[in-house]
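Undergrad: coords please:
(chains A and B)
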Amino acid sequence: MTDSETYGGTPVADYTDPYPRFTREMKESHTILVPDMLPWHFDLLTHVMRSEGYRVEVLHNEGRAVIDEGLKHVHNDTCFPALCVIGQYLDALKSGKYDVDKTAVLITQTGGGCRASNYLPLIRKALKAEFPQVPVLSLNFSGLEKGNGLELNLTMLKKLAYSVFYGDLIMTCFNQTKPYERTEGSSAAVRVSLVEALRKALDSGEYKRLKYYTGRILEAFSAVDADRSERKIRVGIVGEIYVKYSPLGNSHLEDFLLSEGCEPVVPALMDFLLYCVVNTLNDARFYGRRDAKTLLFGIVYRWLYAKEKTIIGMMKEHGVFEPLHDFEHLRAHADRVIHQGVKMGEGWLIPAEMAALCESGVENIVCAQPFGCLPNHIAGKGAARTVKTLFPEANIVPVDYDPSATKVNQENRIKLMLATAREHAAEKQRA
Amino acid sequence: MAKLLGIDVGSTTVKLCALDESGAILHTSYVRHYSRVRECVLSELEKIRPLGTVYRAAVTGSAGLGLAQRGKLDFVQEVQAAYTAIRRLYPDADAAVELGGEDAKIIFLTGGTEQRMNGSCAGGTGAFIDQMATLLDVSVSEMDELSLRAEEIYPIASRCGVFAKSDVQPLLNQGAKKSDIAASIFRAVVDQTVSGLAQGRRIKGKVLFLGGPLYFLKGLRKAFRETLGLDDEHAIFPENAPCFMAIGAAMSAIGSHETTLDALIGQIEAIREGGNITVGRPLFSSREEYSAFIARHSRSDLSFEDLRTYEGDAYLGVDWGSTTTKLMLITPDNKILYSHYQSNNGQPLEIVADKLREIYALTKEKINIRAACVTGYGEDMMKAALKFDFGIVETMAHFKAALYFNPDVDFIIDIGGQDIKCFKVKNRAIDSIMLNEACSSGCGSFIQTFAKAMGMEIDAFSRLGLFAKHPVELGSRCTVFMNSSVKQAQKEGASVEDISAGLSASIVKNAIYKVIRARSPEELGEHIVVQGGTFLNDAVLRSFEIETGKEVVRPAIAGLMGAFGAALYAKENAAEEAIISSLISEAELRTFSYSSKSVKCNGCTSHCNVNILTFSDGRRFISGNKCERGAGLKPPENPLDLYAYKYRKLLELPSKESGKRGRVGLPMQLVMFEQLPFWTAFFETCGFQVVLSEKSSRELYFKGQHTVASDTACYPAKLMHGHIESLLDSGVDFIFYPCESYNLDEHDSVNHYNCPVVAYYPELLKANNERLNAQNFIAPYLDLNSEAAAARTLRRELSRFGVSLALVREGLKEGKRRAQFFHEDIVAEGNRVLAEAKRQGMHAIVLAGRPYHADPEINHGIHKLITSLGLAVLSEDAVFEEGSLVKVNVLNQWTYHARLYRAAEFCARRPDCDLVQLVSFGCGIDAITTDEVRAILEREGRLYTQIKIDEINNLGVVKIRLRSLLAAIEEQKREARR
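TA: Just a heads-up that it's a prediction; the model follows:
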């Protein structure tokens, strides 16, 4: 029998397996691996962590070996993102590139009601068989995994937030420039130089000059020699957070859309973070669940939202680029389609983004989801119909991502959506 | 002027169409391409040369995508092509349904244009129909003919081919008529189209039916017309339906560049194939390696004895598997006298009777069959029909046989045609059993079916793979996905050798990653015995050794191990019991015959399709019934069945009295199985009459199927749609189902969430059922842990009925009281059942799942099956509070799941209790909980059994599982006594 203690009079049986923790000393000695999700955002985010003394590296390994490692170590019914992330870790650890005794891996936890917060224990289980010495760190704001996460201080948090804002802005401007550039590669070159400048700004403390850098990013992209006379077909990407952004997860969806002559419209990562923050506030509003966190999150929300408003204001004023979504406006959309109470996974954010995209004329939407994603049954596929009632022009295709699904199958469905999109565009032109 | 040319390359066929300048059709053709896409298109192009040499061309179709990309031809997505053609040719159509080889599409033309394709699963397509025809052992056109003579329709899961197979195989085994099955398969295709594709939109008005299957199959057309309620005027089957997409592509080609036929041919000829497939490592690096491998495995063999000359005792073992029947006769010193292996083709009883006649004739009474034992799916029927002495569960038979070949065996894996079984062995007893779930079944027979489709024998086909240089990666999720990967690989130019090797590897990967779920080779053990017909395939065997990195034992009789084990069992037990065999005699066999009849049992709401076999000597055998009670008998509630008790108690909750404020409808599904006591009390206190939706059934599911938005959601969720329809029809004032992110906090987990589906399903219902509106559907966001907020919300929602805040508060209080009372009653009844079981010396099973698994339509009467096996049944909510709080590796954050862990902990400590976990197919969260529940039980040396349930109504596998569990418990007890 397991050793038992008691809790509130009831005995407690401990069935946990021991696992290595990330100690303070390891900050010096260990390399922390981070999965690939948003290449340019992660470039800045990891730069922040590096400047705080963490040795961080973003993984870029891909291919069948990654998926095979994932399949080997994760329950087949577990979501595809877990499989990709775990596959990337194991493939990297086996590559010989890292001293496995001096390597740790990092994963985020939202503490929400879907399976995603359980990726961490799943990673731990997967590592146990072959790399039991590798600690798994958690990045979360819900008080999970105490004493085993990153130690965050206020400055670092601020830097991370700014990195997300700048990452979002660069991503948005890039996507609106790349399809129109006259010289192949000029938008990408601008992106590289901007990220370089922002790294420096993060080091020097200059990063806080939001208006200055926002202006600089807008100017840099609008200076790219581009032919915007004919608007390309715009395709929005919404869905589960990992497959929405990660090229490994969505078989390079953005590149595919670009190759089809479309302009991909990818909503901001900050909106997902704001969504997580607002859910805590909503719990207070709907259910009276108030605690210290409610107050704190309220302050955080107002601070972040003000920054977002600043960026949006500048984008509007600048006039070249379609601005980011206004988060309060997204919330209003959410209430039209579903309810802000749907807060597991990406919950109400998915239909809210669909509606916001439609409203801004981006009626063609890929809703990317892992095969069998629970929250997506309701907020993705389930809500598409309501969005279509509100915006009859909406042209939404749900695409399942799975290790065994063929690429042809996915691309063919996206092509159908694009065919409809072109048809709509032609009709509009006639009218 | 240039003619217009459309080329449609689908997953199985090539269609061509040429139009003249005015759009008149000059030529159409339709041929199968057998994956030789390029050659096929080229030869079809040659045929249009007489029409002219200048064309504008466009390509369409799923396989056309690659062709167009590489040949730099214009591509039109096929649904778009169809859309173009429909608007031109049938401007008054309202909707179109098109079934292709692997895709199914639907186009709504009026009332909001919409074009849809099926998701990644290939249910309800041509490939599905082909697969089913193979299963029935008829050609597709024969199946069509058969279907027209059907008298009865069986429910068949239509979502995917693998699932349907799990429904069809037992029907075949029971001897149901092929004509009925054929018609049922077509009905399943229609259901899939209606639910999977239309998703809430009704297919009505003038409907066009397109694509090959719908053109060629009369039975399928009939099924569509009947289900959609369309008359001849509204169901249109165009003459050129198979080539419709090609016509559409030709019409779209008007925008393409003018080119010559020779230039087109040149472009297609120039296509370099390959490059787009992933390959693995070869199975053998050299001939020497192969020879050593063969030599090593030839060591595990049995010796033979001549049946014609042998005199003395013999023992017979028969294994009636799902797809094959195996028979073996052995001597007391385990030599083979006779063995036989044959595909069932639906007639195992005759096969065995035939072979017995042959044995009797050959031996001319020199041999005395001392005992006979049968195992497998058809065990009961065979035992009754041919009077076998013993019947054992097949896991035991396989175990016995493996033990013979290696007494130290600690791991056995058996890959048969349909199922994969694995057992770990400790102390010469089965320690844990892993069986595949529906989703990964049929892997073994897939190679065979595929070889057949390639026009090859299975042996020749698999030998080809041995020296393949670049085995293709084909995925491991299921055979449907594999099938489409194979086709893609073929189109990319992969050789038969590489595909053969790739298939072997896929099957092995499926077994290792999906069934065994081993993380490292060490977990499998040191002495592995592999068996089952599929392992006779050296490529599969080699793949297994490569993937696990272990050398294993494969007996030469790998395909006959079940029969051998049964024969061994007969031998051991005949010796112990000194019986005279009751096996059917030569004389009896001469007159042996039987007839079968299928009837619907009206014993309970399950309405099982029961099959009655009548033998020539007047005996009868009944099969197909779930509760193991004959047709026509009304089964009384078993006093040791807590599931039955709980369900009855729930249904008895609402009082019949009318309420002064109106009638509220509560859908009896998902959260209501837990909170019905609460809400009944609440609404009755507030002055409403509570009306429950009708009991769940497959019919009810079909009633709501057209509003299902996501067909990979779990069955309980999909059933919800039917419950809503039922309540809407009953005329209640409003339907109530709360959205609850948080369940009640039972203070035993980090958080107390509901799963996303339970929590937010009302949103999906609202969005996809046109009949629901703000007036008749109240679905407030509530957290019952914070009473003040909940009271305010409910007051607001119910204000139009004049309910005051004070009354709402009173209602909530009463709800809490009644919920507590109900729960205590279940716990008390659970204690009574446990005590009674103990008094009678019975073992108890805690059937642990979710509250809604108490619904008989969801658990398919598994609780009754358990009691029929002589066990008591408890539910997780009756025992979990007796269990300790449990710390687990995963984030313990869902209320229902926390109960599972505690129930497991409870069982782990009770020698007289075992846990069987019920898991709904598609429940993503259980992908996480199952491993933890297993870990808790196994840490304490207990067995873990998991049963996956879905709409599939096949208890055969479940029974094997439960009986294996029982046999293993017995074995463990026996071992403990020694």
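Undergrad: so where's the stretch 151-300 of chain A uncertain?
TA: Along the stretch 151-300 of chain A, segments meeting pLDDT under 70 are nowhere present.
Undergrad: Write out the residues of it neighbouring chain B.
TA: For the stretch 151-300 of chain A, the residues in contact with chain B under the definition CB under 8 Å from any CB of the partner chain are A:283, A:286-289. Any C-beta I mention is one placed from the backbone N, CA and C, and that applies to glycine too.
Undergrad: what's the neighbour count on residue 406?
TA: Chain wasn't specified; assuming chain A. 20 (other CB atoms under 10 Å in any protein chain shown).
Undergrad: You answered for a different chain; I wanted chain B.
TA: 17.
Undergrad: rewinding a little: with the residues of the stretch 151-300 of chain A next to chain B in mind, which one is nearest to residue B:959?
TA: Taking CB to CB as the measure, residue B:959 sits nearest to residue A:287 out of those, at 45.1 Å.
Undergrad: Unless I'm misreading it, the closest one sits right up against residue B:783, doesn't it?
TA: Yes. Here residue A:287 reaches residue B:783: they are 3.6 Å apart, a contact under CB atoms under 8 Å.
Undergrad: Need the overlap of contacts for those two.
TA: Here residue A:287 and residue B:783 have B:742, B:789-790 as joint contacts, going by CB atoms under 8 Å, 6 or more residues apart in numbering or on different chains.
Undergrad: circling back to that earlier point, and the residues of the stretch 151-300 of chain A next to chain B, which of them are in helices?
TA: Helix and strand membership here follows DSSP state H; of these, those in helices are A:283, A:286-287.
Undergrad: before we move on, back to that, which one among the shared contacts of residue A:287 and residue B:783 gets closest to chain A?
TA: Distances from chain A to these, taken as CB to the nearest CB, are shortest for residue B:789 (3.6 Å).
Undergrad: how near is the closest one to residue A:289?
TA: The gap separating residue B:789 from residue A:289 is 8 Å, by CB to CB, to the nearest Å.
Undergrad: Could you do residue A:33 as well?
TA: For residue A:33, the distance to residue A:289 equals 36 Å [CB to CB].
Undergrad: picking up where we left off before, which of residue B:789 and residue A:289 has more neighbours?
TA: Neighbour comparison, residue B:789 and residue A:289: the larger count goes to residue B:789, with 21 against 18 (by other CB under 10 Å).
Undergrad: Reformat the ones in helices among the residues of the stretch 151-300 of chain A next to chain B as TSV; add neighbour count.
TA: Converted to TSV, these look like this (neighbours: other CB atoms under 10 Å in any protein chain shown):
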residue	neighbour count
A:283	23
A:286	23
A:287	22
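Undergrad: Switch these over to a markdown table; also include distance to residue B:943.
TA: Supplementary listing: those in a markdown table, determined by distance: CB to CB, whole Å:
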| residue | distance to residue B:943 |
| --- | --- |
| A:283 | 41 |
| A:286 | 44 |
| A:287 | 41 |
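Undergrad: of those residues, closest to chain B?
TA: Within those, the smallest distance to chain B is 3.6 Å, found for residue A:287 (CB to the nearest CB).
Undergrad: what residues are up against the closest one?
TA: Contact analysis of residue A:287 by CB under 8 Å, 6+ apart lists B:742, B:781-783, B:785-786, B:789-790.
Undergrad: With adjacent residues omitted, what lies nearest to residue A:125?
TA: Closest residue to residue A:125 apart from its sequence neighbours, by CB to CB, 6 or more residues apart in numbering or on different chains: residue B:889 at 6.6 Å.
Undergrad: Now do the same contact list for that neighbour.
TA: A:15-17, A:121, A:124-125, B:932, B:935.
Undergrad: Would you mind giving me the PyMOL syntax to select the buried ones in the residues you listed?
TA: One line in PyMOL is enough to select the buried ones among those; burial here means 16 or more other CB atoms under 10 Å in any protein chain shown:
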select buried, (chain A and resi 15+121+124+125) or (chain B and resi 932+935)
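Undergrad: Just name the closest of the contacts of residue B:889 to residue B:724, please.
TA: Taking CB to CB as the measure, residue B:932 is the one of those closest to residue B:724, at 33.6 Å.
Undergrad: residues in contact with the closest residue to that closest one other than its chain neighbours?
TA: Spatial nearest neighbour of residue B:932, excluding adjacent residues (CB to CB, 6+ apart): residue B:888 at 4.7 Å. Shown in contact with residue B:888 (CB under 8 Å, 6+ apart): A:15-16, B:901, B:932, B:935-936.
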